[in-house]
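Q: No sequence on hand, only this structure:
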């Protein structure tokens, strides 16, 4: 027989332009095979039947790759399971009778839209400031035309795993977006294809980041919260590239 | 990444917390950005750690007795004696220290203001810390404790404000003994040096990150290096007040009366005898 459980949820409810507060909801009949978001879907169905506005939260792919879901669950971004987005957190992590507190992510540049949904478009501003390379379009070039050392390809891929969910900002006591920005800067800076814009990219993306977010104090909370386990090493590498970008004679940046 | 909410012409982006500023020429431009300030903080922190270590190593002369310690103090004042006036090099080093302190504190205060502005709301339901250590979360408290302690330490053993008649200029061995025989002062020294070690434990590791000193070949050693450095400084610096209060520096160990007119000459004679 399928095991079901009864949970008590403390959920942040907030209307646009008003102050929010926690509301408590009972969630009976929750299967341990449900994901956290499916559990919220079940709660919402009952709220709709009762005529109460459903809890607003964000989700899209529900397979941990789009970076849309974003919940602060019991004081941890994306909940208690390491290297897992909220959508991949399953109710088997919980026991019958558990109390769960669900809050939106908090940062000055993540204003709350409604309930648990926050506006993360400040991250887009960082990306737009330099998260691109210049590549010829038209007919596809030959594969492996540009040699890339295996180690460099691997570490660029580790940085490129960032799904831009903003958990790093949510988990940071300073609301710094260092981990996100360093992943977006370094996955290009580490590859030969990213070298042409390297210094301009680092400078522009870092300075845009600093317009919206706090500064890094090296707590390491972002890495623990990250569903893709982006390494703090990228922050160090970005710091190095940023200071270099201030000194670099860019007339020589065509040289190796 | 958050595509659904930022369609062109869709929801308006939140306003930036800071406006971009006109960039100053190179070294000054570092002071305009958070990463640049962290870089300055790391470099000045490194310099200050260098001072703390040198200060501790120099103070180890206390274990060689009053005459050697007085000679060490005199050596500091006469550094570069053949070329520069007495005390000149010492003052250059002091001014460098003051500048490093100033930059370090200025960066900390301005970065803290930036962080407070960026995170105005705390989690109403509380939050869990997983990676952040006690040291990293208390930097903003251990820092001011160290600043107040440095001022206290200068007033106590450099200017001799509270020792009054007991303060003998040029006889640090006696001054240490006189100062540590007061229990509240002893407690201040112990608390402040624990705070210093905690500050350095996070600061030394943080420095590698801020400067971008990162290589898989030695990354695993960085935490250990910070812990070892903090431990070394803790043990060395705590040994002075504790052993002094325990009687190591009491007056039995000295031949010269600290309150006599000729104490400095007497210490010099003792030094010659010991050699």
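A: Here it is on my side, so go on. Nothing here was measured: the structure is a model prediction, and the numbers come from that model.
Q: pLDDT value on the closest residue to chain A within the stretch 151-275 of chain B, please?
A: Closest residue of the stretch 151-275 of chain B to chain A, CB to the nearest CB: residue B:212 (2.6 Å). To be clear about C-beta, it is placed using only N, CA and C from the backbone, and glycine gets the same treatment. With respect to pLDDT, residue B:212 scores 95.
Q: Can you read off the pLDDT for the closest residue to it other than its chain neighbours?
A: Closest residue to residue B:212 apart from its sequence neighbours, by CB to CB, 6 or more residues apart in numbering or on different chains: residue A:240 at 2.6 Å. Looking at residue A:240, its pLDDT stands at 97.
Q: Can you pull the phi and psi angles for residue A:240?
A: phi -70, psi -50 (degrees, to the nearest 10).
Q: thinking again about what came up before, what number of residues lie near the residue of the stretch 151-275 of chain B closest to chain A?
A: Per other CB atoms under 10 Å in any protein chain shown, the neighbour tally for residue B:212 reads 20.
Q: now the helices: where do they sit in the stretch 151-275 of chain B?
A: B:172-180, B:183-211, B:219-245, B:263-274 (DSSP state H, counting those that start in this stretch).
Q: Which of the residues in the longest one are classified as buried?
A: Of the residues in helix B:183-211, those with enough neighbours to count as buried (16 or more other CB atoms under 10 Å in any protein chain shown) are B:185-186, B:188-189, B:192-193, B:195-211.
Q: Make sure I have this right: residue A:11 is in a strand.
A: Yes. Assigned with DSSP: H, G, I helix; E, B strand; the rest coil, residue A:11 falls within a strand.
Q: Pull the number of nearby residues for the residue nearest to residue A:232 when sequence neighbours are not counted.
A: Of all residues not flanking residue A:232 in the chain, residue A:223 sits nearest, at 5.1 Å (CB to CB, 6+ apart). Other residues within reach of residue A:223 by the criterion other CB under 10 Å amount to 19.
Q: mind checking which helix or strand residue A:223 is in?
A: Applying DSSP states H and E as the criterion places residue A:223 in helix A:221-225.
Q: Give me the contact list for that helix.
A: Residues outside helix A:221-225 that contact it (CB atoms under 8 Å, 6 or more residues apart in numbering or on different chains): A:76-78, A:82, A:167-173, A:176, A:178-179, A:229-232, B:129-132.
Q: Over to stretch B:236-247?
A: With CB under 8 Å, 6+ apart as the criterion, stretch B:236-247 contacts B:52, B:56-57, B:59-60, B:62, B:176-177, B:180-181, B:183, B:186, B:189-190, B:193-194, B:196-197, B:249.
Q: One more pass at 6 Å, please.
A: With CB atoms under 6 Å, 6 or more residues apart in numbering or on different chains as the test, stretch B:236-247 has contacts from B:56, B:59, B:176, B:180, B:186, B:189, B:193.
Q: show me the contacts for the third one.
A: Contacts for residue B:176 (CB under 6 Å, 6+ apart) come out as B:244, B:249.
Q: Would you mind measuring from it to residue B:190?
A: Separation of residue B:176 from residue B:190 (CB to CB, to the nearest Å): 14 Å.
Q: Please apply the same query to residue B:256.
A: Distance from residue B:256 to residue B:190, counting by CB to CB: 29 Å.
Q: Leaving out chain neighbours, which residue sits closest to the spatially most central residue of chain A?
A: When CA atoms, centre = their mean is applied to chain A, the residue found nearest the centroid is residue A:165 (2.2 Å). Nearest residue to residue A:165 in three dimensions, chain neighbours excluded: residue A:67, at 3.8 Å (CB to CB, 6+ apart).
Q: pretty sure that neighbour is touching residue A:164, no?
A: Yes. If you go by CB atoms under 6 Å, residue A:67 and residue A:164 touch, sitting 4.6 Å apart.
Q: What count of nearby residues applies to residue 215?
A: Reading this off chain A. Residue A:215, neighbours per other CB under 10 Å, totals 23.
Q: sorry, should have said chain B
A: Neighbouring residues of residue B:215 were enumerated by other CB under 10 Å; the total is 10.
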